[in-house]
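K.L.:
3D model of this:
(chains A, B, C and D)
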Amino acid sequence: MTEKPLKEVRKLPPCRAACPAHVNVQAYVALIQRGKFNEAVEVIRRDLPFPAICGRVCFSPCEDACARVNLDQAVAIRALKRLVADIEREQGRVVAQPVPKKYSEKVAIIGAGPAGLTAAYELAKLGYPVTVFERMAEPGGMMRYCIPDFRLEKFVVANEIAYIKDLGVEIKTGVEFGKDITIESLKKDGYKAIFIAIGTQTGMKLNVPGEDLEGVINAVDFLRAIALGKKITVGERVAVIGGGNTAIDAARTAKKLGAKEVMILYRRSREEMPALPHEVELAEKDGIKFYFLVAPKQIIGENGRVKAVECLRMRLGEPDESGRRRPIPIAFSEHQYEVDMVIPALGQVVEESVLPPELLSKDKRGPPLQVDPLTLETNIPGVFAGGDVATGPASIIEAVGAGKRAAISIHRYLRDEDLRKDRDEEKIEETTWVKDWRLLEKKERRYEPPIEKPHLSFEEAKAYLEKLKRQARFEAFRCLGCGPCAECLASMELCEGDKAVVDESKCVGCNVCAVICPVGAVKKNEKGVAQVNEELCKGCGLCAARCPERAISMQKLSNEQILTMILTALER
Amino acid sequence: MANGKVGAVLVVGGGVAGIQAALDLADSGFKVYMVDESPSIGGVMAQLDKTFPTNDCSMCILAPKLVAAGRHPNISLITNSEVLGLSGEAGNFEVKIRKRSRYINEEKCNGCGLCAQKCPVEAIDTYNKGLTDRSAVYVEFPQAVPLRYKIDREKCIGCKTCQEVCKANAVEYDQKDSEITLKVGAVILAPGFEPFDARLKSEYGYGRYANVVTSIEFERILSASGPYGGIVLRPSDGEIPRKIAFVQCVGSRDAQLGNLYCSAACCMYSIKEAIIAKEHVPTKLDCTIFYMDIRAYGKEFDAYYKRAQEEYGIRFVRSRVASITEDPATGNLFVHYVGEDETPRVEEFDMVVLSTGMQPPKNVEKLAKALGIKLNKYKFCETGAFTPLETSKPGVFVCGAFSSPKDIPESVAQASGAAAKAMAIIAPERGKLVAVKEYPPERDVSQEEPRIGVFICHCGINIGGIVRVPEVVEYAKTLPNVVYAEDNLYTCSDDTQKRIREKIKEYNLNRVVVASCTPRTHEPLFRETVREAGLNPYLFEMANIRDQCSWVHMHEPDAATEKAKDLVRSVVAKARLLKPLKNPTVNVTPAALVIGGGVAGMTAALELANQGFEVHLVEREKELGGHLRKIYYLLEGEDPQDHLQKLVKAVMENRLIHVYLGAEVVEVSGFVGNFKSKIRLNNGEEKQVEHGVVIVATGAVEYKPKEYLYGVDPRVLTQHELEEKIAKGRFNARKVVMIQCVGARNEERPNCARICCGQAIKNALKIKELDPDAEVYILYKDVRSYGFKEEYYREAANKGVIFINYSDDRKPKVSNEGGKLKVSFYEPVLKQEIQIQPDIVVLSAATIPNPDNKRIAEMLKVPLTKDGFFLEAHMKLRPVDFQTDGVFLCGMAHSPKYIDESIAQACAAAARAATILSKKVLEMEGIVAKVDEDLCSGCKICESLCPYGAIEMLEKEGKTVAHVIEALCKGCGVCGTACPTKAIVLGHFTTEEILAQVRAIMREMEVAAK
Amino acid sequence: MSETQKDFEPKIVGFLCNWCAYAGADLAGVSRIQYPPNIRVIRVMCSGRIDPAFILEALKNGADGVLVAGCHLPSDCHYLSGNFKALRRVMLLKKVLKDFGIEPERVRLEWVSASEGDKFAAVVRDMVEQIKKLGPNPLKMEAKK
Amino acid sequence: MSQDSHPPRIVCFMCNWAFCEEEMRIPYNVDVIRVMCIGRMDPALVLETFIKGFEGVMLVGCKPPDCHFVDGNLHAERAVKMLKKLLALAGLEPERLKLLLVAPLEERAFSHYAKEFSEEIWRLGNSPLKKDEFIANLTAAKEAASAFRLRVLLGREEELTEFMNAYGEKIPEEEFDALLDDVVKAEYIRYKIHYLTRIKPRSVKELAQILGLKPFAVLRHITNMRRKGMIALDRVEGYTPLYKALEVR
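P.N.:
Below you'll find the model as predicted:
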């Protein structure tokens, strides 16, 4: 039973609708319920090439949208994804088979970050010969160079990328776009479509006096240097400026490298911090101090080295266009922090120099690249752009989403189909069928990923893994299964989306079915006869069992069908 | 409301009496509000299976009246309600009524019955006296009016199934009781009676033994629509009983319980139940009735009693049943009674029916307090001997069993009487509050091609669930001349009526066919709608595809659909040939001719005069009074002579009443509304009068006995002669023997003369009053002192009057042995012949028909009974009407009766007459016969066949031709069928129309009309 | 019974008087008493209105049976004596039918009161059985030849 | 259904989410039929299973609150409670029907419960009913379970006892049970009468004797069956009317 393509299934459960990559959460959670961990990974991989990575670092919009939030707590979707991906990597690693080349047109992807690799992954699966050009020594982009090891182990990244390579994607590292290759050179080399996904590598400047003193290093360069293994001496007292995940990573890395005291200065309040709350807690646990509503005015140096940072107190005004409240400095509130190292972590920007001038958008305020938000086309035909380079710094999962959309556009461009036809993303409706919350019971979360890696003997590890698996399955049972039949492949023949059918001549309109149906899928229409809403009906069959006139039957698993099963069982 | 009077009447109680009063008032131009406690009208009569003495099916004669009351524009039914209070005075009352909630919206509900079919809860069916169950949402019986369902709030568990399945979404669980106040001019109480609760006679075991049932339960057992489908079964084991015992006077004539009165109707309905039981059982069944006196006092009752004994072999045992015990193994019952010969006896029966008496309605005190009326010691409504219809409060009248236990004919007569009394008060307001309907001008369709519209009903799923209605609609469209066809969820609902009117205009239809339920209940409704759309109402026909198709072929939807198509095709074929028919109208002379000036004649004349109608009162004697002149005192103590004087004075002084003494009516011609009569006056001249109605009140005369030495020995008198002697003080006998049933209950006159027992007891008590130690013996066959007169029978016995029973084969003998008067008779208890020498012998001579009846009957062309009294239209429900319209009957001319009963009948006759006199023009039914004079050969066959004398032979250009008096023609069509040259055609059922129907049914393809 | 008889569905025309027989048929409906659908009813005001010509017309047009139903004798008739006249006419017609080669049993006269729903259904059931035994209307057979 | 010759034939209807381990060892004499939710089992179908020949029926669903369809298991519970009453009326041991509600990822394997249940059934031995009596009673029970009024009450039980009825009141549990009891008993008896009078018209006495009821109770049922068009008088023999079943629409 193949999974129904997205455009047919307009109504998605909230989690899948919220995920930029539309990962079929409900399906893999249902598989986990059954303990079918490998099949679960396979389902994830259909939409997302990086299950393990996202299982660790994704900001999980799916959990925020999870319907269960109305009841107690969202289902631990990210944690479950991480567990199944790790189990698959540790126990039964699946080596991808190279996909036979169905098409001849060569596609060039510039940048081996999440966006580029996903586009390559998708196009490879479609049968295109894809080549990814990466400036750095290793592919992975932000995933490898920006996220510290304790959040995302390098071998995990390597492992996931290997899967993409096995599919037949050629990755050429050490090739710099704008220098070694340009759009014209690629076209000359026969690449019919180009996807620019170089992300945003350079950190944003503080633009305060004393920024270029010694001891001031941008967070991106700091983390990249460590990822490349360079030896970085860390000061006694380190101040990190900024509130995003990069700031937290930089602070915790600094702590781990021996800094005595590490503090984070953030100009807004704790609620507005873009970093994952879960990460902020870990930082606090590492002893990092947080100072809110402060912003650097200038960095004071002593003979060329940082000695202190002078900051101003802030208060929060009206929300700006990003929806977060604008910080306004309070006059004469200067105060100083004695530090010997300052790491600005304000976010990254695109290196415009690398990009050909005709791609750059005219108005400066918006994102640098001129890109069609839906089809990711640039103003050069055949050239597409996506990920952080088009949208500005964003999450990995959003980059993956962009990669997928790019792949579709490139595929249509090469097959010269209309790029825009029924691709409007917004029409995906979010449905949760829950009719009456009072009927549901609260169940607290049953699974949390271990904070520290336990040090266990082999046997202990085996038992520990079994315990984790059981907990994961119990957690999976908390999922309400919001969408229509989740094609969870649990039992193929049985619940292939069974639907109830009403025999209008028999129905007298007593409305018992509407009372019984847990999802409110069957209602009386204006003719006074019961009518089943195909999209909501989950095929449970309660209405058929209770219908006083026996006017409702199930399409696939009808009473007669069960009766024949009984009879065949008897002959056995 | 010129003089503060309101032209409306409140009728409390929807039984047969309430309905009759309401119909009479509504037909005479008054607004009627009828309040009934139960959800539908019909009262106890609706529960009966058959009625005596005609054995008519009770529902068949009651249903047309229910439907008439339900649909009458001037009658508003307020069911499921009770009267809270009454204020104001006669002519201008204000009544507060609480309308209890039905939990169903009365406007929306159209009685399709789906809710009751689907309701999961079963409750005791009180209508069927608990012998079976019904759903929690119910109507009492299928023909209920109004056919609106009610939810039994105690039983209903609120599962909302009925609300869901109801297509008219009429169920309202939050419906609350509501209070309404009405302005009325008069009030008529007809709340009926409450059957005696047989549990109080614990010795009979009712409630403990399954096979002991009350008489009304037995009616349900007998009824074809009852729980057992009309076969008599024993509730204990469903077997057909071999022997049934009927125990009389349960809860009546019972000093121990305080119910000293006799409930008047139980003897007769027990005999009827015994007869019908024998008919309703395929096996041999013997019935035994244990009685004290069989009180078959009414018209043709004794003949019925005799047929019960001889033809049906029903055994009558005169004895009071002591107790009943049960054999638990078989469920049979042992009746312990004292035999004729005073020996205690036990007899085994399969089943026992207790003839429970009548008691005042359950909440009578509350009602009495609310209305401010006095009750007598038995809590019935207090009335006077000469004012049987009036309560203690002026303007509030009473009729039916609420004033005293009585049978249906008396109730119906009292109902019409009370209507008359009410009319008298508010006569000037006649017609003011009545809805007068204007219709658009009638379109002439004679030149048009038939353009037929067909409306086919789903009736919820009653039809649509079985017959494929859309398929029938498509089929109807293929029929020639059908220009429009559609299906509706409920064709009888108001919004569909509006749709039909629109479609008639839109498609310029000139014929309408509706395929739905039975025309018997819905034809008037649709004819009204067709008329409101400007079409002649007779250009309409119905096909019955529910009661005679979908409901009876539920398992054969295909056959039912085919049948529905055939029925529609047949009715369309008839519709194609329909011609417009005009309702014949007759103008009415607002005057009445009353023949006979006795108490009945005078009362009727006065009532009509009080309503402003002119009356011609013709009395053969020289003075008014008739029989009343010879009555000097009454059992109830009031002075009849004083009432006679007052009555004569009122009649003579009333300027609307023309009295002709010593005069005789010699010729009456014409028909209802325009009679012309010749009266030969005292001085021999003849006077011609014109009038609209005739009231026959010729009274009756005392039988001059031939037996027991009457006329031979002066000491043998009749009761009247004795009364005159006592009144004139010429009475001095010390020893009196009275002999009952002289000249009655014999071969020649089988029926009882009803009033002689009362007279005998009256005179006996008078004698005892004058001389306490006088010896009075009464030799009787049955003492028939029914109703409250029973008390005086008991008083006489207590005062030493000796009652001795004699039977036909051992009649007493009166002889004159040597100047000594001797009476010898057989004493049943002592079992020996006894002789007495009384001073006088008094014969209770029967009251026999007025010898002049024969002449009057021929003159008015009205029938007589075998006994010679006048034969009314229907013994039970039309006691004061004749079969011929416009001629009415009251008093002893109908049959012997007491004075209060005569007065009640007189008022009734007045009310019935008023329904005609109150109209300037009388509209008759349109379906009448018409004669095609060229074809008529004058053979007179039709004239002889017509039961209504509606055909007369006329001379036209030298040829005798038949002519139909449209006013009298009832439209039965018998004449048309018999006419050899097919000269007579019955409207709406012409031969061509019926033949077209027959051909349409048989032939698949239909031939278009030329 | 010949083979055709088994699946031969007789067509019966019923002339019912409005006050008693038609009301009885309605009561059978109200009480949901099932009976075979072979009968098609034509309503007349009184059984006295049923003209022998109607019955002959029905038989001529292929009716396999004709039911005439009115009020019980002696006193049920709404028009006093209509049923007596129907009795006379149908008895006379039955004698004549023999000469036309039509079995008199095809025409049947029944008295049904307004409360005898069961009886009406039983009459229809019995009549359908009886006509099935008699077989189709001979006139129809000849017309076919 | 001989006791000694072979272990009892047992069928187990299992909800999709119960016992969803990889391999489920199923004992030889047990057959497992998967359904979407255990509430899905139509009571009439469960009785049909007995009629077809299974000696024991086990319904396996999820223990509250883990039912994937919110309250499918509670509906099943109510249906089984009613079915046990019907089985008792039909003369079959109610224990032959078992509702097992397990938590998802139940510790113990399914085979454990299956063995336990088949021992119970084995201990019950043959059912006391003779063959034709068994068919009669079970068919009557099945048809009673298909009666409109019984199924409406069963369907709305939760709504009426837990939330509120049309008048805004909550019907107390015992009151509703008593009502349901009466309805179950009445419908069973009526369909048993209907079954008995299908082939051969029978009298009230005869039916009372077969059903072990008092004749007046049977007569009362017959009046109600007449009202609903389920039965009609066939003929009268001597003084005894005989009734014949009518085909119910």
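
K.L.:
which residues does the residue nearest the centre of chain C contact?
P.N.:
Nearest to the geometric centre of chain C sits residue C:67, at 0.5 Å (CA atoms, centre = their mean). Neighbouring residues of residue C:67 by CB atoms under 8 Å, 6 or more residues apart in numbering or on different chains: C:12-16, C:39, C:108, C:110, C:123-124, C:127. Using the backbone N, CA and C atoms, a C-beta is placed for each residue, glycine as well.

K.L.:
That one in helix, strand or coil?
P.N.:
strand (DSSP: H, G, I helix; E, B strand; the rest coil).

K.L.:
Just send the contacts of residue C:67 back as CSV, with secondary structure, distance to chain A and neighbour count too.
P.N.:
Formatted as CSV, the contacts of residue C:67 follow (DSSP: H, G, I helix; E, B strand; the rest coil; distance: CB to the nearest CB, whole Å; neighbours: other CB atoms under 10 Å in any protein chain shown):
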residue, secondary structure, distance to chain A, neighbour count
C:12, strand, 29, 22
C:13, strand, 31, 26
C:14, strand, 30, 28
C:15, strand, 35, 27
C:16, strand, 32, 27
C:39, strand, 26, 24
C:108, strand, 37, 20
C:110, strand, 36, 21
C:123, helix, 32, 24
C:124, helix, 27, 26
C:127, helix, 32, 25
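
K.L.:
Check which helices and strands the strand or helix carrying residue B:76 sits against.
P.N.:
Using DSSP states H and E, residue B:76 maps to strand B:75-78. Under the contact criterion of 3 or more CB pairs under 8 Å, 6 or more residues apart in numbering or on different chains; DSSP states H and E, strand B:75-78 touches helix B:16-27, strand B:31-35, helix B:58-71.

K.L.:
One more pass at 7 Å, please.
P.N.:
strand B:31-35 (3 or more CB pairs under 7 Å, 6 or more residues apart in numbering or on different chains; DSSP states H and E).

K.L.:
how about the strands of the stretch 101-250 of chain B, start to end?
P.N.:
For the stretch 101-250 of chain B, the strands defined by DSSP state E, counting those that start in this stretch cover B:122-124, B:133-135, B:137-138, B:150-151, B:178-184, B:186-189, B:194-195, B:212-214, B:243-250.

K.L.:
The helix or strand harbouring residue A:193: how far from the chain's middle?
P.N.:
Assigned by DSSP H and E, residue A:193 belongs to strand A:191-196. Offset of strand A:191-196 from its chain centre (CA atoms, centre = their mean, to the nearest Å): 25 Å.

K.L.:
Quick check, the residue in chain B closest to chain A?
P.N.:
At 4.1 Å from chain A, residue B:164 is the closest residue in chain B, using CB to the nearest CB.

K.L.:
let me redo that: chain C
P.N.:
residue C:32 (16.3 Å).

K.L.:
Would you agree that residue is in contact with residue B:553?
P.N.:
No: taking contacts as CB atoms under 7 Å, residue C:32 lies outside contact range of residue B:553: 10.5 Å.

K.L.:
out of these two, which sits in the busier spot?
P.N.:
Taking other CB atoms under 10 Å in any protein chain shown, residue C:32 and residue B:553 do not tie; residue B:553 has more neighbours (23 against 18).

K.L.:
coming back round to it: in TSV, list the strands of the stretch 101-250 of chain B along with distance to residue D:117 and mean neighbour count.
P.N.:
As requested, the strands of the stretch 101-250 of chain B are exported to TSV (distance: least, CB to CB, whole Å; neighbours: other CB atoms under 10 Å in any protein chain shown):
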stretch	distance to residue D:117	mean neighbour count
strand B:122-124	37	16
strand B:133-135	40	22
strand B:137-138	44	26
strand B:150-151	46	24
strand B:178-184	60	15
strand B:186-189	72	28
strand B:194-195	60	18
strand B:212-214	53	23
strand B:243-250	59	26
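
K.L.:
Please tabulate the ones you listed in a markdown table, including the columns distance to chain D and mean pLDDT.
P.N.:
Output for the strands of the stretch 101-250 of chain B, formatted as a markdown table (distance: least, CB to the nearest CB, whole Å; pLDDT from 0 to 100):
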| stretch | distance to chain D | mean pLDDT |
| --- | --- | --- |
| strand B:122-124 | 7 | 90 |
| strand B:133-135 | 6 | 92 |
| strand B:137-138 | 11 | 94 |
| strand B:150-151 | 9 | 94 |
| strand B:178-184 | 18 | 94 |
| strand B:186-189 | 35 | 95 |
| strand B:194-195 | 21 | 93 |
| strand B:212-214 | 12 | 95 |
| strand B:243-250 | 11 | 94 |
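
K.L.:
Redo the ones you listed as CSV? Include distance to chain A.
P.N.:
Below are the strands of the stretch 101-250 of chain B laid out as CSV (distance: least, CB to the nearest CB, whole Å):
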stretch, distance to chain A
strand B:122-124, 16
strand B:133-135, 14
strand B:137-138, 13
strand B:150-151, 16
strand B:178-184, 29
strand B:186-189, 44
strand B:194-195, 39
strand B:212-214, 36
strand B:243-250, 43
